[in-house]
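Asker: Fold the stuff below for me.
(2 chains, ligands or ions: 3)
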Amino acid sequence: MSGFNPEMRTRAEKICSLYPQVRSALIPLCHLAQEQAGYLSEDLMEEIAEMVGVTPAEVYGTASFYDMLHTEPVGKYLVGVCTNIACLLQGGEELLEHAEAKLGVAPGGTTEDGMFTLEDMECIAHCNKAPALQVNYRFFGPVDEESFDELVDDLRAGRLVGDVPSHGTLIREERSAPIALSIDEVLAERALSDAAIAQRKAQVQS
Amino acid sequence: MDENAERIVPKIVTSRIGLDGSHTLETYLATGGYSALRKALTSMTPEEIQAEVMTSNLLGRGGAGFEVGRKWSMLKNSPLRYLVVNGDESEPATFKDHMLIEGDPHQLVEGTIITAYAVGAARAFIYIRGEFALGLERVQRAIDEAYTYGALGRNIFGSGFSLDLVVHPGAGAYICGEETALIESLEGKRGYPRIKPPFFPAVIGLYGAPTIVNNVESMSNIPWIVNNGGAAFASLGIGRSTGTRIFALAGHVNRPGNYEVEMAKLTFRDLVYKPEYGGGMRMGRGVKAFIPGGVSAPWFGPDQLDLPLAQDDVAKAGSMLGSGSIVMMDDHTCMVRAAWRITKFFNRESCGQCTPCREGSGWIEKMMRRIETGAGRESDLDMLLDACDNIAPGLSWPPAQTTICVLGPSIPSSVVAGIRMFRDEFLIHIKEGGCPYGR
Ligand SMILES: Cc1cc2nc3c(=O)[nH]c(=O)nc-3n(C[C@H](O)[C@H](O)[C@H](O)COP(=O)(O)O)c2cc1C
Ligand code: SF4
Ligand code: FES
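Answerer: Ligands and ions are numbered 1, 2, ... in the order given. Sure, this is the predicted structure:
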């Protein structure tokens, strides 16, 4: 039973402070939760719910809409092979079949050692490098059977830790600049400058 | 002047792509970065900027092709307004925003700040699809650098204008590219499109406040327009198709990639065959069909290769330039399989709110799969067209709408084009009990 660790909690609070309405932080916080635990555990969803002011069921209901948010554990590496049109035309389906054989799982499945979860992805906007894939949302392409095997072996052997960090699409993203003005402050400032402009205009006219 | 002399067409949005450290503030400043913001904030009123953008006739680069200046002018007057930049780029085979986000994030940030000033936004957000991990990092980094440089935060460049800018990650859902679904998603909800009217973002948008939603490439054009003037932009291209545009060329070409070209001056054939662009079809094969504007767009055949890359010409021919993606399919391509895969995509990505879209996409996908795998019947073709007609009555383009958003009516595009253009190929699948291409 545990929610965000202290470091994650601090990051989560910072993210909450970026939005005029805190519920907007729900999805970014789900990404942080996955970074910490690999998936959205019940405890983490409860903590997110408390932080953004909704019920845990609402967090679950929202998260279940999104392909990247997992409410069940997944492998250490999410391997998403694109089979959409540009990749299809360049052998994306054959690549996915090869990936299934190499990893011994069907799309959606996780290898027994917990290393890989295979996914059949929609277009990842890397179509000039078709057939393309992502591992934990890092791009690879064009990938053929040989380079796929190499990639998997390298990941297993830990040779790609620099290129492919572990879970969490925000794992290397942390904002340093705080919000400079609240919305109320902005509105007050604008009202002042509008008044100043109106005054200047009135002076010019008189 | 010699009429045949090639004019030099400026690279408006891709000038830094490929430069060392193109994503860094250092490179950005060394190449004129933030001069447009300085000019805008210290010497132009918001109205003047709006007027320049109106003059430029910049058409939105997200898919619908609506004039950016006109959209801004329709923003409801209210003290509280927001700006949201659409970096969801999920239309299959579109990969231009991906390049701009990773390759020139400061240009995007600068365009966003100028726009926020021009439309009076109290805060601005850049929504980036969650799968762009590196893109999210680069834009966040650019935003942080912009604060340090004084281009964001309180009293920017001493102008009295203040702004905060937040980058926001999506989490994997094509529908969140639709502007009202994007807003829902940014509010921390499921990405369900809202009904228009009343929910036009310019009237009721983010948190209920009037909101401008513009695409990444649209925003990336703004610094150049401010620096060079709307008239200079409008002098490029022909008619309503002004400026330059990035075309994301994919499929069976020798050199797939993003090409920024002057609008309306080249044809599809030029883009596919010229050595500096697509370099011809792979293995010298012929063109069987191509998709001119993302998979929502109806297909074209070889006869349409000589159409210019211009919004209105492509619309008149029954399709759209849409998201700026072009997919080439050679004469070895199975058209049934291609159309089936596109339908599968829509079926997976339908948000499920509207019956014709949710049920229709499922039906069509199943029938298409049946035909591709050899279990189809001849009567399936009429059933397919019927099912398509239920989603988009009349099967014309632009489609009639029976649903909340245009994802639904886009589903028939590829199936209907497939059947109309390649009926024989569908029939061979049915008669031979399988795909003649071996898959
Ligand atoms: C299903 C669907 C998906 C869309 N996806 C995107 C997208 O990924 N990126 C984008 O900029 N616009 C997308 N749009 C268009 C947006 O709704 C909106 O028109 C656009 O962001 C406005 O920006 P622009 O005027 O600068 O083009 C999509 C529309 C629909 C109906
Ligand atoms: S048309 Fe489809 S995607 Fe759009 S709102 Fe309706 S069900 Fe959702
Ligand atoms: S179709 Fe595979 S990356 Fe776009």
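
Asker: Quick one: residues contacting the closest residue to residue A:179 other than its chain neighbours.
Answerer: Closest residue in space to residue A:179, ignoring its immediate chain neighbours: residue B:164 at 5.0 Å, by C-beta to C-beta, 6 or more residues apart in numbering or on different chains. Where you see a C-beta, it was placed from the backbone N, CA and C, and this is true even at glycine. Listed by C-beta atoms under 8 Å, 6 or more residues apart in numbering or on different chains, the contact partners of residue B:164 are A:179, A:180, A:181, B:123, B:124, B:152, B:153.

Asker: among those residues, which are within reach of ligand 1?
Answerer: For ligand 1, no contacts are drawn from these by C-beta under 6 Å from any ligand atom.

Asker: TSV for these, including pLDDT and distance to residue A:143?
Answerer: Below are the contacts of residue B:164 laid out as TSV (pLDDT from 0 to 100; distance: C-beta to C-beta, whole Å):
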residue	pLDDT	distance to residue A:143
A:179	98	41
A:180	97	44
A:181	97	46
B:123	98	40
B:124	98	37
B:152	98	38
B:153	98	42
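
Asker: can you redo those residues as CSV with distance to residue B:266?
Answerer: Shown next, in CSV, are the contacts of residue B:164 (distance: C-beta to C-beta, whole Å):
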residue, distance to residue B:266
A:179, 45
A:180, 45
A:181, 46
B:123, 39
B:124, 34
B:152, 38
B:153, 42
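
Asker: Make TSV out of those residues and add neighbour count and secondary structure.
Answerer: Converted to TSV, the contacts of residue B:164 look like this (neighbours: other C-beta atoms under 10 Å in any protein chain shown; DSSP: H, G, I helix; E, B strand; the rest coil):
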residue	neighbour count	secondary structure
A:179	18	coil
A:180	16	coil
A:181	18	coil
B:123	24	strand
B:124	25	strand
B:152	25	coil
B:153	19	strand
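
Asker: So which residues on chain B come close to ligand 3?
Answerer: With C-beta under 6 Å from any ligand atom as the criterion, chain B meets ligand 3 at residues B:92, B:93.

Asker: And the pLDDT at the residue nearest to residue A:179?
Answerer: In this prediction, residue B:164 carries a pLDDT score of 98.

Asker: residues from chain B in reach of ligand 2?
Answerer: Chain B comes close to ligand 2 at residues B:175, B:193, B:350-354, B:357-358, B:403-405, B:407-408, as judged by C-beta under 6 Å from any ligand atom.

Asker: A helix includes residue B:434, no?
Answerer: No. Counting by DSSP: H, G, I helix; E, B strand; the rest coil, residue B:434 is not found in a helix; it is coil.

Asker: ok so, going back, mind checking how far the residue nearest to residue A:179 is from ligand 1?
Answerer: Distance, residue B:164 to ligand 1, by C-beta to the nearest ligand atom, to the nearest Å: 21 Å.

Asker: pretty sure residue A:51 contacts residue A:23?
Answerer: No. Taking contacts as C-beta atoms under 8 Å, residue A:51 lies outside contact range of residue A:23: 9.8 Å.

Asker: counting contacts, what elements does the lengthiest strand in chain B pack onto?
Answerer: If you go by DSSP state E, chain B has its longest strand at strand B:244-251. Helices and strands touching strand B:244-251, by 3 or more C-beta pairs under 8 Å, 6 or more residues apart in numbering or on different chains; DSSP states H and E, are helix A:85-89, helix B:96-103, strand B:257-262, helix B:268-273, strand B:325-330.

Asker: got a markdown table for those, with distance to residue B:145 too?
Answerer: Formatted as a markdown table, the helices and strands packed on strand B:244-251 follow (distance: least, C-beta to C-beta, whole Å):
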| stretch | distance to residue B:145 |
| --- | --- |
| helix A:85-89 | 33 |
| helix B:96-103 | 15 |
| strand B:257-262 | 25 |
| helix B:268-273 | 35 |
| strand B:325-330 | 31 |
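
Asker: Could you tell me the model confidence score at the residue nearest to residue B:237 when sequence neighbours are not counted?
Answerer: Leaving aside its sequence neighbours, residue B:237 sits nearest to residue B:263 (C-beta to C-beta, 6+ apart; 3.5 Å). pLDDT for residue B:263: 96.

Asker: wait, what's in contact with residue B:263?
Answerer: B:236, B:237, B:238, B:241, B:242, B:243, B:244, B:245, B:309, B:310, B:311.

Asker: Return the member of these nearest to ligand 2.
Answerer: Minimum distance to ligand 2 across the contacts of residue B:263 is 23.3 Å, recorded for residue B:311 (C-beta to the nearest ligand atom).

Asker: what's the neighbour count on residue B:291?
Answerer: 29 (other C-beta atoms under 10 Å in any protein chain shown).

Asker: just residue B:90 next, same as before
Answerer: 24.

Asker: what's the closest non-adjacent residue to it?
Answerer: Closest to residue B:90 by C-beta to C-beta, 6+ apart is residue B:174, at 4.2 Å.

Asker: What pLDDT is listed against the one you found?
Answerer: Reading off the model, residue B:174 has pLDDT 98.

Asker: next one: residue B:439
Answerer: 65.

Asker: ok, back up a step: using CSV, lay out the helices and strands packed on strand B:244-251 together with mean neighbour count.
Answerer: Below are the helices and strands packed on strand B:244-251 laid out as CSV (neighbours: other C-beta atoms under 10 Å in any protein chain shown):
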stretch, mean neighbour count
helix A:85-89, 29
helix B:96-103, 26
strand B:257-262, 21
helix B:268-273, 20
strand B:325-330, 27
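
Asker: Just tell me which of these ends up closest to ligand 1.
Answerer: Using C-beta to the nearest ligand atom, the helices and strands packed on strand B:244-251 put helix B:96-103 closest to ligand 1, at 6.9 Å.

Asker: ok, residues contacting that closest one?
Answerer: A:125-126, B:13-14, B:16-18, B:22-23, B:61, B:87, B:89, B:107-108, B:128, B:132, B:134-135, B:138-139, B:215-217, B:220, B:246-248, B:258, B:324-325.

Asker: re the thing from before, list buried residues within the residues of chain B next to ligand 2.
Answerer: B:175, B:193, B:350, B:351, B:353, B:354, B:357, B:403, B:404, B:405, B:407, B:408 (16 or more other C-beta atoms under 10 Å in any protein chain shown).

Asker: give the contact list for the fourth one.
Answerer: Taking C-beta under 8 Å, 6+ apart, we find residue B:351 in contact with A:65, B:173, B:175, B:181, B:190, B:191, B:192, B:193, B:357, B:407.

Asker: for the last one, same thing?
Answerer: When contacts are counted by C-beta under 8 Å, 6+ apart, residue B:408 is found next to B:350, B:354, B:356, B:357, B:360, B:361, B:391, B:392, B:401, B:402.

Asker: State the mean pLDDT of the host helix or strand of it.
Answerer: Using DSSP states H and E, residue B:408 sits in helix B:407-410. Confidence over helix B:407-410 (mean pLDDT, whole number) is 96.

Asker: Which residue would you name as the spatial centre of chain A?
Answerer: residue A:169 (3.8 Å; C-alpha atoms, centre = their mean).

Asker: so how far is residue B:48 from it?
Answerer: For residue A:169, the distance to residue B:48 (C-beta to C-beta, to the nearest Å) stands at 39 Å.

Asker: Residue B:147 now?
Answerer: Distance, residue B:147 to residue B:48, using C-beta to C-beta: 26 Å.

Asker: list the contacts for the residue lying closest to residue A:132 once chain neighbours are set aside?
Answerer: Leaving aside its chain neighbours, residue A:132 sits nearest to residue A:141 (3.3 Å; criterion: C-beta to C-beta, 6+ apart). Contacts for residue A:141 were tallied using C-beta under 8 Å, 6+ apart; they are A:126, A:129, A:130, A:131, A:132, A:133.
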